[in-house]
Each structure stands twice: as structure tokens, then as C-alpha cells.
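**Q** Have a look at this fold, sequence not included:
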């Protein structure tokens, strides 16, 4: 079992289209470069309202398909008690990929 690598997608623009554009232009290339070196990657998004859910899920699912058999997942939320148990779950759940986990 390999270590999880985190890519921070924090402080994105408030509007969903602007946030999606920033993510795809600035962060996706970093994710692709990182995936050349690692087998498990977690994108860590800041908390946002429901209008960001669809583009985030679509992006993570497509990155997971592209990276297969490597794993790409995402966690949405601020640093806190729930981040590390979710990370521990992902580390153990070797078949889970293309998922977005929202912290409570």
C-alpha cells in the first residue's frame, strides 16, 4: 500500500464556472505531473456550496479514469478532525477511486 499524496485546490474563485476554469488550467496539470510519480492522489478542495459539486465530481471522475489503475479521489472541507479519518479510510479502501468525500 502506497502513501496518499495530497494536492491542495484551495482558495478557488467563488463562482462555479470561474472555479472550474481555474482548477482545470492551474491545478489539473499539477495533478497529471504528480500522478506520473505516485499511485494514489487526493485533491483537497475548500468547502463550497452545492453549486460546485457537479464540476468537482466530473473532474475527479475523469482524472481517475485517465489515471487508472492509479487512484484519484477528493476530499472537500476544511482541515479538522474529519480529514484524517477520511484519509485513513482512503488508504485502506484500495478499490475506491473517482469519488468526492465531503467532510461534515
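**A** Now that the structure is in, tell me what you want to look at. Model, not experiment: these values are computed from the prediction. Numbering: from 1, shown residues only.
**Q** use CA for all of it now, contacts and neighbours both
**A** Will do.
**Q** Identify the residues contacting stretch 27-37?
**A** Residues outside stretch 27-37 that contact it (CA atoms under 8 Å, 6 or more residues apart in numbering) are 7, 9, 41, 67, 70.
**Q** Can you add distance to residue 87 and give the residues you listed back as a markdown table?
**A** Converted to a markdown table, the contacts of stretch 27-37 look like this (distance: CA to CA, whole Å):
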| residue | distance to residue 87 |
| --- | --- |
| 7 | 13 |
| 9 | 16 |
| 41 | 11 |
| 67 | 19 |
| 70 | 16 |
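**Q** Pull the most distant pair out of these.
**A** 9 and 70 (19.5 Å; CA to CA).
**Q** how much space between the closest residue to residue 22 other than its chain neighbours and residue 89?
**A** Spatial nearest neighbour of residue 22, excluding adjacent residues (CA to CA, 6 or more residues apart in numbering): residue 12 at 7.0 Å. Distance, residue 12 to residue 89, by CA to CA, to the nearest Å: 26 Å.
**Q** try residue 101
**A** 11 Å.
**Q** Is residue 73 in contact with residue 94, as I believe?
**A** No: counting by CA atoms under 8 Å, residue 73 sits too far from residue 94 to count as a contact (11.3 Å).
**Q** tell me what the helix or strand hosting residue 74 is packed against?
**A** Per DSSP states H and E: residue 74 is located in strand 71-76. Secondary-structure packing of strand 71-76 (3 or more CA pairs under 8 Å, 6 or more residues apart in numbering; DSSP states H and E): strand 40-45, helix 53-67, strand 100-102.
**Q** among these, which is nearest residue 85?
**A** strand 100-102 (11.5 Å).
**Q** What mean pLDDT does that closest one get?
**A** In this model, strand 100-102 has an average pLDDT of 95.
**Q** Pull the residues that contact it.
**A** 56-57, 60, 73-77, 86.
**Q** so residue 86 sits in a helix?
**A** Yes: counting by DSSP: H, G, I helix; E, B strand; the rest coil, one finds residue 86 located in a helix.
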